[in-house]
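Peer 1: with the sequence up front, the predicted model follows.
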Amino acid sequence: MQRKRFNRYKEKKDEFESKLLDLARVSHTREGGKRLRFRAVMVVGDKKGKVGVGVASGRDVAKAIEKATRLSKKNLIEVLIIKDTIPHQVEAKFGAAKVLLKPQRKGRGLVAGGTVRIICTLAGIKNISSKVLGATGNKLNNARAMIKALKQLKQKNI
């Protein structure tokens, strides 16, 4: 009689969508010369209210992206979404990066640029107005400020 074999390590279908936010070449000077590595910033989301940011560096681009994706899945947060928007206005600061998020009525769309747009899209927020108020163009700090702002969202008692 033939025995059935089950693949214990079967690849689970990934329900998350990922996007490369930033890729930087970083170097350390050692006694033998410069050591080059790559730093990747990945954003992962399921478009249903879960989003995460991960940062990792590796010897080559593929390794850095793989590590950052794994870390972003570990650092997922639950975003409060009501009628395709956020429940109230929120502001957050991380380093020099400062982000302001405002809820919008249905049909207004994503009025956001760069980092904020990517994170909102992957989180599943369809109507929002935002502004990056910080004095920096650093995508990593903007992403961390955005995550900090999304963590501040609270359910309003009606």
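Peer 2: Looks like it came in fine.

Peer 1: can we go C-alpha only for contacts and neighbour counts from here?
Peer 2: Will do.

Peer 1: partners of the helix or strand harbouring residue 53, with directions?
Peer 2: Using DSSP states H and E, residue 53 maps to strand 50-58. Taking DSSP bridges as the criterion, strand 50-58 forms sheet pairs with strand 33-45 (antiparallel), strand 77-78 (antiparallel).

Peer 1: for that strand, the distance to its chain's centre please.
Peer 2: 7 Å (Cα atoms, centre = their mean, to the nearest Å).

Peer 1: send me it as PDB with only the CA atoms.
Peer 2: What follows is strand 50-58, C-alpha atoms only, in PDB (Å, rounded to 0.1, in the frame of the first residue of the first chain):
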ATOM      1  CA  LYS A  50      -2.400  45.800   8.200                       C
ATOM      2  CA  VAL A  51       0.800  47.500   7.300                       C
ATOM      3  CA  GLY A  52       4.500  47.200   8.300                       C
ATOM      4  CA  VAL A  53       7.900  48.800   7.600                       C
ATOM      5  CA  GLY A  54      11.200  46.900   7.600                       C
ATOM      6  CA  VAL A  55      14.800  48.000   7.200                       C
ATOM      7  CA  ALA A  56      17.700  45.700   6.600                       C
ATOM      8  CA  SER A  57      21.100  45.700   4.900                       C
ATOM      9  CA  GLY A  58      22.900  42.900   3.000                       C
END
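
Peer 1: thanks a lot, catch you later.
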